[in-house]
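Peer 1: Have a look; sequence and predicted model below, questions after that.
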Amino acid sequence: MTAHAADAADALGPGVAGEVADGVYAYVQPDGSWWINNTGFLVGADDVIAIDASSTERRTRALLEAIRDVTPRPVQTLVNTHHHGDHTNGNCLFTDAVVVGHRNCREGVKAQAIGGLEAVFGDVDWGDLTIRPPSLVFDNRLDLYVGDRLVELHFIGTPAHTTGDVVAWLPEERVLFAGDLVFNGGTPFVLMGSVEGALDALEVLGGFGAATIVPGHGPVCGPEVIDDVRGYLELVRDVAVRAVEAGVTPLEAARETDLGPYSELHDRERIVGNLHRAMAELAGADRGAPIDILAAFGDMLSFNGGGPLRCLA
């Protein structure tokens with residue numbers, strides 16, 4: 001990491017653990033941009049369930065310290081909401097925990113690497129981390145208990161943000177850890193999932209009747225944010241339809257798009273990646289089917305005028 005990038009990352013400060021229900025904590029990392037995710041943890045009488053790790057050694061150790069500040073009880077279970085490295089790179093530091101995730105999440109973690117992304121994100125100090133995929137996997141639903149508290153893990157049922165998105169639902173507390181199916185204040189991103197699938201996933205999320213949602217990125221919120229994400233994805237779908245009809249590329253379509261109420265969301269360049277996915281689906285690609293991810297990121301860089309994307313991990 002360059003001195004400038006390190007100073008900027010330090011300026012963001014560490015995440016903050018806030019209690020959203022009795023013994024239930026959201027660990028929110030500002031400002032929720034690239035590689036700066038939210039996590040959470042639930043404290044029982046004897047142990048802790050954690051929900052997601054972080055992107056770098058420094059950030060994951062800060063998360064572990066925040067848990068220790070609340071309780072000396074050990075983290076015995078770590079849930080991964082999906083495979084992306086900002087939520088899983090730090091799995092290896094949860095040394096006493098069983099890592100749980102969807103079957104597709106395990107495969108996604110196994111297939112990725114830590115680092116090697118300088119061309120896209122610049123120099124990042126990932127730290128001393130190794131890939132550790134979930135060792136306990138499920139297909140549709142898994143119930144966990146921390147003490148007497150029920151934590152329902154639900155596969156969302158379709159490729160959406162990724163092909164293996166899981167939410168953690170606390171029915172008694174009406175708290176939903178939504179992973180990256182919900183972005184609050186940042187641009188949603190479905191390049192590795194599906195636009196139509198993500199819209200279907202939002203219907204599922206709404207059906208839980210959550211009072212409190214911990215998004216994958218951005219401040220803790222209520223269910224109203226589901227409508228914000230839906231509106232953005234519907235815009236992406238509409239732009240993609242017009243782009244296909246006009247025979248223009250995702251990058252060309254993005255440059256011509258007025259984001260309107262979504263123009264203030266950070267990481268605006270994601271419109272390009274989202275259009276790559278939406279236009280592939282309109283051309284007949286299955287939800288979550290492999291597409292040219294490198295080309296999409298190249299176009300996002302071009303949309304931003306070249307150079308690395310903003311990353312303060």
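Peer 2: That came through fine.
Peer 1: Tell me where the stretch 51-200 of the chain has helices.
Peer 2: 57-70, 85-88, 103-111, 118-121, 195-207 (DSSP state H, counting those that start in this stretch).
Peer 1: okay, the longest strand along the chain in CSV with CA atoms only?
Peer 2: In the chain, taking DSSP state E as the definition, the longest strand is strand 175-183. Extracted C-alpha coordinates of strand 175-183, given in CSV (Å, rounded to 0.1, in the frame of the first residue of the first chain):
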residue,chain,number,x,y,z
VAL,A,175,-33.1,-8.7,12.6
LEU,A,176,-31.9,-9.7,9.1
PHE,A,177,-28.2,-9.9,8.2
ALA,A,178,-28.7,-9.5,4.4
GLY,A,179,-25.1,-9.7,3.1
ASP,A,180,-24.6,-8.0,-0.2
LEU,A,181,-28.1,-8.4,-1.3
VAL,A,182,-28.5,-5.0,0.3
PHE,A,183,-26.2,-2.0,-0.2
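Peer 1: Sheet partners, orientation included, of it?
Peer 2: Strand pairing for strand 175-183, determined by DSSP bridges: strand 166-170 (antiparallel), strand 212-217 (parallel).
Peer 1: Report the buried residues of stretch 19-34.
Peer 2: By neighbour count on 16 or more other CB atoms under 10 Å, the buried set for stretch 19-34 is 20-21, 23-34. C-beta: built from backbone N, CA, C; applies to glycine.
Peer 1: Nearest residue to the residue nearest the centre of the chain in space, ignoring adjacent ones along the chain?
Peer 2: Centrality entry for the chain: nearest residue to the mean C-alpha point is Asp180, 3.2 Å, by CA atoms, centre = their mean. Leaving out its chain neighbours, the residue that sits closest to Asp180 by CB to CB, 6 or more residues apart in numbering is Gly216, at 3.6 Å.
Peer 1: show me what contacts that neighbour?
Peer 2: Asn37, Asn38, Thr81, His87, His161, Ala178, Gly179, Asp180, Leu181, Val182, Phe183 (CB atoms under 8 Å, 6 or more residues apart in numbering).
Peer 1: which one of those is nearest Val137?
Peer 2: Val137 has its nearest neighbour among those in Thr81, at 13.5 Å by CB to CB.
Peer 1: Tell me which other helices or strands the helix or strand that contains Met300 touches.
Peer 2: Per DSSP states H and E: Met300 is located in helix 293-303. Judged by 3 or more CB pairs under 8 Å, 6 or more residues apart in numbering; DSSP states H and E, helix 293-303 is in contact with helix 250-255, helix 270-282.
Peer 1: Out of the ones you listed, which is closest to Leu117?
Peer 2: Evaluated over the helices and strands packed on helix 293-303, closeness to Leu117 peaks at helix 270-282, with 14.5 Å, by CB to CB.
Peer 1: Would you mind checking the average pLDDT for the closest one?
Peer 2: For helix 270-282, the mean pLDDT works out to 98.
Peer 1: Next: stretch 106-118.
Peer 2: 97.
Peer 1: So which bits of it are buried?
Peer 2: For stretch 106-118, using 16+ other CB under 10 Å, the buried residues are Arg106, Glu107, Gly108, Val109, Ile114, Leu117.
Peer 1: Turn those residues into CSV, including distance to Ala45.
Peer 2: Shown next, in CSV, are these (distance: CB to CB, whole Å):
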residue, distance to Ala45
Arg106, 30
Glu107, 35
Gly108, 34
Val109, 31
Ile114, 35
Leu117, 41
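Peer 1: For Glu224, state which of these is nearest.
Peer 2: Set against Glu224, the nearest of those by CB to CB is Gly108 (30.2 Å).
Peer 1: My read is that that closest one contacts Thr162, right?
Peer 2: Yes - here Gly108 reaches Thr162: they are 6.5 Å apart, a contact under CB atoms under 8 Å.
Peer 1: Quickly list what's touching both of the two.
Peer 2: In terms of CB under 8 Å, 6+ apart, Gly108 and Thr162 are both contacted by the residues His82, His83, His84.
Peer 1: filter those to the buried ones?
Peer 2: Neighbour counting by 16+ other CB under 10 Å classes His82, His83, His84 among the shared contacts of Gly108 and Thr162 as buried.
Peer 1: In terms of distance to Arg132, which of the residues you listed ranks first?
Peer 2: The closest of these to Arg132 turns out to be His83 (CB to CB; 11.7 Å).
Peer 1: give the contact list for the closest one.
Peer 2: So His83 contacts Gly101, Asn104, Cys105, Arg106, Glu107, Gly108, Val109, Gln112, Thr162, Gly164 (CB under 8 Å, 6+ apart).
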